[in-house]
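> What shape does this take:
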Amino acid sequence: MGTWLITGCSGGLGEGIARAALEHGENVAVTARNPEKAQELVRPYSDHGIALRLDLNDRDSMKKAVTKACGTFGGIDVLVNNAGHGYRAAVEESEPERIRELFDTNFFAPAELMNTVLPVMRRQKKGLIVNVTSIGAVRGALGNGYYSAAKAALELLTDALAKETEHLGIRTMLVEPGAMRTNFFGEALAGSERKIADYDVLAPKYRKENMEDRHDQAVDPARGGRVIVETVLSGKLPSRLLLGSEAAKAAEAVMKSRLEEICQWMEVSRQADFQ
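Numbers count the residues shown, from 1 in each chain. The predicted model follows:
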């Protein structure tokens, strides 16, 4: 039995991961900004689940959640950085204060939570950090530039961490979901109030007020949560787990295109070497 600390469990994928881990009998610290929602989730599993407040904009709440999880279960074996939100705006339309908040929530806070948990895992000489990013980290999407950038930053940080902690028994796994049937496209999705007329022709493709959530996204957050938990428990971990067939197809297309371009320009690249 292992101990999990999971962020963003009030709904969506975080709830799916937490429920799957609890059903497998794992010890789980279920966290959310509103701990009452987390409490509803753990109530049937009170012998191995606790509900904790954790707000990514409140660093003190992160430290308290880690301390409480360790005090209750004796350590943390799996940290899942799942909480986050999107922001729809063209790069030039994006508002500086919104950009900073977006990076705080999607990059700096998960990074700080990792640094809070790493000493625990180093003492244990084992652990796993699962960072949920997005297919947007693989391909920058129109009107989604800063969100994609924040998630891509978390991916590269995770890649570096994997190299730094492998000898310590600490592993990492990135999860790259495609579009999920959650409230991600609802109230949780922020949008810019700044509008530039030159981008109006693209507005139907990215501006929040022009988006209609038809709840027809391919990925089921409950099934996605089970896939993540069962992959972790199997012990056979990919460095990147694409979640959903659409995400897998999109990533395949991007990687194929990049490889073709590298090969096409290889001779030009070599011209920069000393002769």
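> if you skip the residues just before and after it, what's nearest to residue 141?
residue 148 (6.0 Å; C-beta to C-beta, 6 or more residues apart in numbering). Placement of C-beta: from N, CA and C, glycine included.
> tell me the average confidence for stretch 268-275?
Throughout stretch 268-275, pLDDT has a mean value of 96.
> Where do the strands of the stretch 151-275 of the chain begin and end?
170-177, 190-191, 240-243 (DSSP state E, counting those that start in this stretch).
> Quickly compare those strands and say which is most buried.
strand 170-177 (a mean of 23; mean count of other C-beta atoms under 10 Å).
> quick one: strands adjacent to that strand?
When pairs are called by DSSP bridges, strand 170-177 turns out to pair with strand 127-132 (parallel), strand 240-243 (parallel).
> Make TSV from those strands and add mean pLDDT and distance to residue 254 to it.
Output for the strands paired with strand 170-177, formatted as TSV (pLDDT from 0 to 100; distance: least, C-beta to C-beta, whole Å):
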stretch	mean pLDDT	distance to residue 254
strand 127-132	98	19
strand 240-243	96	11
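> Need those in JSON lines (columns: distance to residue 193).
Below are the strands paired with strand 170-177 laid out as JSON lines (distance: least, C-beta to C-beta, whole Å):
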{"stretch": "strand 127-132", "distance to residue 193": "28"}
{"stretch": "strand 240-243", "distance to residue 193": "32"}
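> who wins for proximity to residue 197 among the ones you listed?
Of all the strands paired with strand 170-177, it is strand 127-132 that lies closest to residue 197, at 36.0 Å by C-beta to C-beta.
> got the contact list for the closest one?
Outside strand 127-132, the residues that touch it by C-beta atoms under 8 Å, 6 or more residues apart in numbering are 13, 76-82, 84, 110, 114, 117-118, 120-121, 154-155, 158, 161, 169-175, 177, 228, 232, 237.
> how close does residue 231 get to residue 239?
Going from residue 231 to residue 239 by C-beta to C-beta, to the nearest Å gives 12 Å.
> ditto for residue 89
31 Å.
> Any idea how many residues pack against the closest residue to residue 13 other than its chain neighbours?
Nearest residue to residue 13 in three dimensions, chain neighbours excluded: residue 221, at 4.5 Å (C-beta to C-beta, 6+ apart). Residues near residue 221, counting by other C-beta atoms under 10 Å, number 22.
> what's the answer for the one 3 residues further on, then?
Counted with other C-beta under 10 Å, the neighbours of residue 224 add up to 25.
> Pull the contacting residues for it.
Going by C-beta under 8 Å, 6+ apart, residue 224 touches 13, 16, 177, 180, 243-244.
> And the residues you listed, which two are furthest apart?
Checking the contacts of residue 224 with C-beta to C-beta, the most distant pair is 16 and 244, at 12.7 Å.
> So for the two, which residue has more residues nearby?
Higher neighbour count among residue 16 and residue 244: residue 16, with 26 against 21, using other C-beta under 10 Å.
> How about the contacts made by that one?
Counting by C-beta under 8 Å, 6+ apart, residue 16 touches 221-226.
> Chain neighbours aside, what residue packs nearest to it?
The shortest distance from residue 16 to any non-neighbouring residue, by C-beta to C-beta, 6+ apart, is to residue 225 (2.4 Å).
> Now the helix or strand in which residue 4 is found: buried residues?
Per DSSP states H and E: residue 4 is located in strand 3-6. Going by neighbour count (16 or more other C-beta atoms under 10 Å), the buried part of strand 3-6 is 3-6.
> Now flag whichever of the residues you listed is closest to residue 47.
Of all the buried residues of strand 3-6, the one with the least separation from residue 47 (C-beta to C-beta) is residue 3, at 13.4 Å.
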